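how would this look folded up:
(chains A, B, C and D)
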There are 4 protein chains.
Amino acid sequence: VTTASPATAPAASAADRVPVAIVGASGYTGAELVRLLSQHPRVAIAGLYARGKAGEPLAKVFPQFAGLPDLGTAPLEPFDEAAVAARARVVFCALPHGESARIVAALAARHLTVLDLSADFRLKDPAAYAEWYGTPEHPHHPDPELLQHAVYGLPERHRDALRTARLVAVPGCYPTATILAAAPLLEAGLVSPEGLVVDAKSGVSGAGRTPTTATHFSEAGEGIRPYKVAGTHRHTPEIEQELSLAAGRVLRLTFTPHLVPMTRGILACVYATPTDPTRPAAAYHEALAARYAHEPFVTVLPPGQLPDTSFVRGSNRAHVGVAYDARARRVLAMSAIDNLVKGASGQAVQCMNLALGFAEHEGLAGPAMFP
Amino acid sequence: VTTASPATAPAASAADRVPVAIVGASGYTGAELVRLLSQHPRVAIAGLYARGKAGEPLAKVFPQFAGLPDLGTAPLEPFDEAAVAARARVVFCALPHGESARIVAALAARHLTVLDLSADFRLKDPAAYAEWYGTPEHPHHPDPELLQHAVYGLPERHRDALRTARLVAVPGCYPTATILAAAPLLEAGLVSPEGLVVDAKSGVSGAGRTPTTATHFSEAGEGIRPYKVAGTHRHTPEIEQELSLAAGRVLRLTFTPHLVPMTRGILACVYATPTDPTRPAAAYHEALAARYAHEPFVTVLPPGQLPDTSFVRGSNRAHVGVAYDARARRVLAMSAIDNLVKGASGQAVQCMNLALGFAEHEGLAGPAMFP
Amino acid sequence: VTTASPATAPAASAADRVPVAIVGASGYTGAELVRLLSQHPRVAIAGLYARGKAGEPLAKVFPQFAGLPDLGTAPLEPFDEAAVAARARVVFCALPHGESARIVAALAARHLTVLDLSADFRLKDPAAYAEWYGTPEHPHHPDPELLQHAVYGLPERHRDALRTARLVAVPGCYPTATILAAAPLLEAGLVSPEGLVVDAKSGVSGAGRTPTTATHFSEAGEGIRPYKVAGTHRHTPEIEQELSLAAGRVLRLTFTPHLVPMTRGILACVYATPTDPTRPAAAYHEALAARYAHEPFVTVLPPGQLPDTSFVRGSNRAHVGVAYDARARRVLAMSAIDNLVKGASGQAVQCMNLALGFAEHEGLAGPAMFP
Amino acid sequence: VTTASPATAPAASAADRVPVAIVGASGYTGAELVRLLSQHPRVAIAGLYARGKAGEPLAKVFPQFAGLPDLGTAPLEPFDEAAVAARARVVFCALPHGESARIVAALAARHLTVLDLSADFRLKDPAAYAEWYGTPEHPHHPDPELLQHAVYGLPERHRDALRTARLVAVPGCYPTATILAAAPLLEAGLVSPEGLVVDAKSGVSGAGRTPTTATHFSEAGEGIRPYKVAGTHRHTPEIEQELSLAAGRVLRLTFTPHLVPMTRGILACVYATPTDPTRPAAAYHEALAARYAHEPFVTVLPPGQLPDTSFVRGSNRAHVGVAYDARARRVLAMSAIDNLVKGASGQAVQCMNLALGFAEHEGLAGPAMFP
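Got it, this is the predicted structure:
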């Protein structure tokens, strides 16, 4: 065998690259965007924006960029929509929800293509937004009209819409992992939409860079714990929205997130009731394998091999597996992703590739880093 | 408040202490038995037995005992049933299943009280043993008659029987965590025995001291993965046996174990269907709190606080919590234990305390070690 | 061999126990004091004081104490010197330096025995205090007179003075590890006081419970880094003070601390020049072994075995080792301790035992927790 | 600023790529070579060889490659020198020392360019090889003549020789980190070659993929320990060889390696005596900054910032820093690298780039992965 890096068209010359900006570059998803976009052959990073760290060079905030040509000395700047619009054609917003919506609206009004990594444009139903994200000061979605134009940025579910999207709502990390595991089984009618249980486990980087007691090394380093259980985590409605679409009817499920003493990775385990308990176990694997046969970033593991977050670390790939417990009549669908890549920044780049007409794998083809 | 260590009778003088032996002292549960029993005020360690490391001083095999009076220089000896019987009144067997049954039978025949940490005497039904543990060479349980005399060593479920037990089958780590969380809810009829889902997460020490690729630091250190899913893990029938007793009818459930990058700890999440979906959430907590009100080693956390394995590390305590997801009509019962203590060696000591008529908390009263 | 827990006099009855208070109970060393003192047979915890968390039950601040009789529900109270003096005979102060000195002075004036875990009374020379701890607002030591009465709480160096001490300055974690490894070699004249290099590595719990970016799991979890190098860490003068005493002359050394991705433990490596390069390697080991032969908490490992923090976790023991590099003519003395036990709270209890005339090992005899 | 990925010539077409083979592809450095070379724009992987795992597809041995076009299904094959020579022009050997020398000689005889990651061709003096690597069966270097043609593969020291090398001895991980920190200071005469102390800390992946007790998660996960101290680690003569060259005279030093609970990374701390203790601290930084100003993979951190292995994880970059302890008259030079990249496979690719006349950064330009 001869194996080479993917045959691609030559990297674009500097002049031909699409200028992109990153707003919220001082957080982990911002840094991951810098990592990925700085290696992307068809774009150029044209601006890095951050609030708290504005004025500092990137390499001071994130020393992993120290010494890299241009990047390390690039300054973080305070956000200024006119400046962004003057410099960039595409903007990645890695801001907290609420804050993001206002900036996204301003950028969209200037006809920029926006990849929003916040939750602000993920829930299609403004009432759901109000229920899950509303606050006394901001009880409603700030821009319900723009919401209707946003496309949920999971290429495996909405690829066609993404090709023409101007505003992409990049999915949450837990939803990405959960939907990739469960949607094909629901879609194919192999499992019931009733009574789904999602037990998901996340690395600590999902909590961001702001220090808290819960994410303090001495507290999080040698233990596992659930949090926001029993329908209180805001990713619940997002998962339900997309799995309802897959099932063809509205469903509700229980979702339990956990904090695991590792930096990166999400493992989602979805427990479902088979629609036909006598169906052979192989049918579930076949359905997933068929559904994902041509997906560039989803690998259905062979029967007997189970997803492990270690093997997707740093990559945009999802590892998916399924097993059927014939004794207990329960289907277990599993997936492992890197929460910062396929669960956030990598997926955002994948969506950008679609929206700009690039090959979908551009800038994302590298293998995971193991060990 | 004035808080002192538990009021106990004075420590027994050397002559009055019960001599105990540990067979299988070179593994992690063996070492944990040494740690606990060396601090127990009513027993004296009278012999340490191990196969591979026989002849070596304990402190060479486990340097944490170096420098401790007597203990550090105590040798590991090859097992010899006559010698054990001559020295000890109580024997802890921390051996692999299959191997354990033969040694336990020999010791029981010599009228020693035996705490068996293996799986050999846990399943009351010999047919279940044959199904889950049988091999071509040893298809059946080696001693079905003795099996009938064994008591399943979970004091919270079988305390009375343990008071007169001569052979205790100390439960597995996953079953201990799972049963403590789920049994009271089944017993009280609050949840259905149908369709239980157990998603459990274990630290790596549960896999023992023998090095493998799966437990190699570089492989296990920054990832989480399920293993032996869909009814293939041998703790499944043990959980089902005890929860069937609690439910008053035979039940089957699906059980998913995971390997988590931490050394100690098990977290079990049990998903159950409420028998009455309109029941208030508080009812589940009240049932657990009432059931465990007088248990020395089970703490039901206040509503809103969730179990975290960090807070039971090194202790014999279980932290139990429950939540009701009214949206999805699902009860989530959770528990956290230290797999090597309440999940193995500590529980064995607790059973010994009962069998010998000691106060149940003797030698086990210390708080967890955090951080 | 028969090995039982140490023969001690029976635990004191509640009335005979010495009442002790802990000021600063909401930090890690405070919690560790609670863990140790709650198991100590001759004292009773008579009060827990904390500023930020005053009013909360201990078990809410530190869930590892949940469910423990009395302890879990004991409230943290705001510090009040009269209340402390009314309730307690002995006080452990686990407060930040500066803040501690003022409270210690007040307590000492009320004739309480004080174990101060801060740095305020460690440096015997007020000028050194001013140099290393002075601030524009507080340029000088707040109580130079009281400073003269304080005893540096390293029993292996100052045992006799500790037997009559009323104010003990409990050493820092790095100094404890470093001095235990190096002092006997200096004292015996085996190594030169010139040019000592101390390269020390600490677990993250040494930084306390306050969350910071440096101790955030995602930042500290998969890397090692030096900090406060080249004579800028405040433990430097403390180490120099004690090693100067051992050497019989003033010495200066370079000290490099590191942050290691583990919760507990300090490993100190001390590099020294032999006074006689032709001296056989065994001489260094012999000197350490002789010096520590009767020490209850220092184990000199056999030649060829090297200290590992894993084997002292949770215990008050220090593991010490030494090697001679004949090629490079350099002696390497090493020690491993648990920074929160022998490096802080355990050592404070050991000092209390001496000051109160208890057996030195009371309440501290348990083995380390491994794995 | 506009920042794009490095301007390079377009990726070579498949036909123009240099075919490379990896011998020893089932270990960690082998997998890392696959990761890097599969993304390299000018080479194609033409063969993967392994002994124990021969016959298995790469993705079974290393699931991080599952689903990648071509790579995942590529089989590991048993080594066959004729087959390698027929397919490849360049061979990377990631084999144990001793075994490597024989295979390298065979490949070199067939006029292949060989990058040897073992220690077999690193020590230029055959007597040193005999002393450090000789065994009763193989007391001497197997091919002293070929040894004379090998070039020590540290581009920062031997770039010119590497441009024409046919056999490159890729340095060890500890030597790379140590030499990068110390050599410029010796070369410039700023520090004395006498009495150097090297205290280095490594992640566990440096021990390879074979499971051992020392690298078992439960043993290595929460502790730090030194090993092979006092002139017994085989990287000692390699460090001495290169630093002697830098100093212009033969030197000996003491070297202490440690095992740290992290997967990747090496931190080296080098303690040296200044030749002029009155020299200002800035001089050391200036010397390093000047020396490395044009190096593509060495970043000298600004004064006050210290190396942290977290910030070089996955990259071929070294972070170097220096501090002067004026109190103790000691210079501390530090460096952080990823042991599997700049300490092994990345450096091998860098050497290949030089040997083949490619731009030195090709295939290695990506930033580190943080967090």
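
tell me the helix or strand right after the longest helix seen in chain A.
The helix spanning the most residues in chain A, taking DSSP state H as the definition, is helix A:173-187. Once helix A:173-187 ends, the next helix or strand along the chain (criterion: DSSP states H and E) is strand A:196-202.

where does chain A get nearest to chain C, residue-wise?
When distances are taken as Cβ to the nearest Cβ, chain A approaches chain C most closely through A:Pro211, which lies 3.7 Å from it. For glycine as for every other residue, the C-beta is placed from the backbone atoms N, C-alpha and C.

A:Gly346 and A:Val34, how far apart?
Computed with Cβ to Cβ, to the nearest Å, the distance linking A:Gly346 and A:Val34 is 13 Å.

so how many other residues sit close to A:Thr164?
Counted with other Cβ atoms under 10 Å in any protein chain shown, residues neighbouring A:Thr164 total 10.

which non-adjacent residue is nearest it?
Distances taken as Cβ to Cβ, 6 or more residues apart in numbering or on different chains place A:Ala355 nearest to A:Thr164, at 7.6 Å, with adjacent residues excluded.

the one you found: helix or strand, and which one exactly?
With elements taken from DSSP H and E, the one containing A:Ala355 is helix A:346-356.

if you count contacts, what does that helix end up packed against?
The contact analysis (3 or more Cβ pairs under 8 Å, 6 or more residues apart in numbering or on different chains; DSSP states H and E) places helix A:346-356 against helix A:28-37, strand A:90-93, strand A:113-116, helix A:155-163, strand A:167-169.

same thing but 7 Å
Taking 3 or more Cβ pairs under 7 Å, 6 or more residues apart in numbering or on different chains; DSSP states H and E as the contact definition, the neighbouring helices and strands of helix A:346-356 are helix A:28-37, strand A:113-116, helix A:155-163.

now A:Ser118: how far from D:Val170?
Note on A:Ser118: its distance to D:Val170, by Cβ to Cβ, is 45 Å.

quick one, what contacts the residue in the stretch 251-371 of chain A that chain B sits nearest to?
Of all residues in the stretch 251-371 of chain A, A:Ser310 sits closest to chain B, with a separation of 3.1 Å (Cβ to the nearest Cβ). Residues near A:Ser310 by Cβ atoms under 7 Å, 6 or more residues apart in numbering or on different chains: A:Phe370, B:Glu219, B:Glu222, B:Gly223.

8 Å instead?
A:Gly265, A:Phe370, A:Pro371, B:Glu219, B:Glu222, B:Gly223, B:Arg225, D:Gln64 (Cβ atoms under 8 Å, 6 or more residues apart in numbering or on different chains).

what of A:Leu196?
A:Ala182, A:Leu243, A:Leu251, A:Leu253, A:Thr254, A:Val270, A:Tyr271, A:Ala272.

ok, now with 6 Å
Remark: with contacts taken as Cβ atoms under 6 Å, 6 or more residues apart in numbering or on different chains, A:Leu196 is in contact with A:Leu253, A:Ala272.

so what's it bridging to?
With beta bridges defined as DSSP bridges, A:Leu196 has these partners: A:Leu253.

the residue of the stretch 251-371 of chain A closest to chain B - that's part of a strand, no?
No. Inclusion of A:Ser310 in a strand is not indicated when DSSP: H, G, I helix; E, B strand; the rest coil is applied; the result is helix.

residues from chain A in reach of chain B?
If contacts are counted using Cβ under 6 Å from any Cβ of the partner chain, the residues of chain A sitting beside chain B are A:197, A:199, A:201, A:218, A:222-226, A:229-231, A:252-254, A:260-262, A:265, A:267, A:269, A:271, A:306, A:308-310, A:323, A:325, A:327-328, A:330, A:332, A:371.

where does the stretch 101-250 of chain A get nearest to chain D, residue-wise?
Taking Cβ to the nearest Cβ as the measure, the stretch 101-250 of chain A has A:Ser205 as its residue closest to chain D, at 5.1 Å.

which of the helices or strands spans the residue in chain A sticking out farthest from the centre?
Of all residues in chain A, A:Thr278 has its C-alpha farthest from the mean position, at 35.3 Å, by Cα atoms, centre = their mean. In this assignment (DSSP H and E), A:Thr278 forms part of neither any helix nor any strand.

re the thing from before, the residue nearest to A:Thr164 touches A:Ala165, doesn't it?
Yes. When contacts are counted by Cβ atoms under 6 Å, A:Ala355 is listed as touching A:Ala165 (5.2 Å).

could you dump the contacts of A:Ser310 to TSV with distance to chain C?
Rendered in TSV, the data for the contacts of A:Ser310 read as follows (distance: Cβ to the nearest Cβ, whole Å):
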residue	distance to chain C
A:Gly265	12
A:Phe370	13
A:Pro371	11
B:Glu219	14
B:Glu222	7
B:Gly223	12
B:Arg225	18
D:Gln64	17
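
now, those that are in helices?
Counting by DSSP H, the contacts of A:Ser310 place B:Glu219 in helices.
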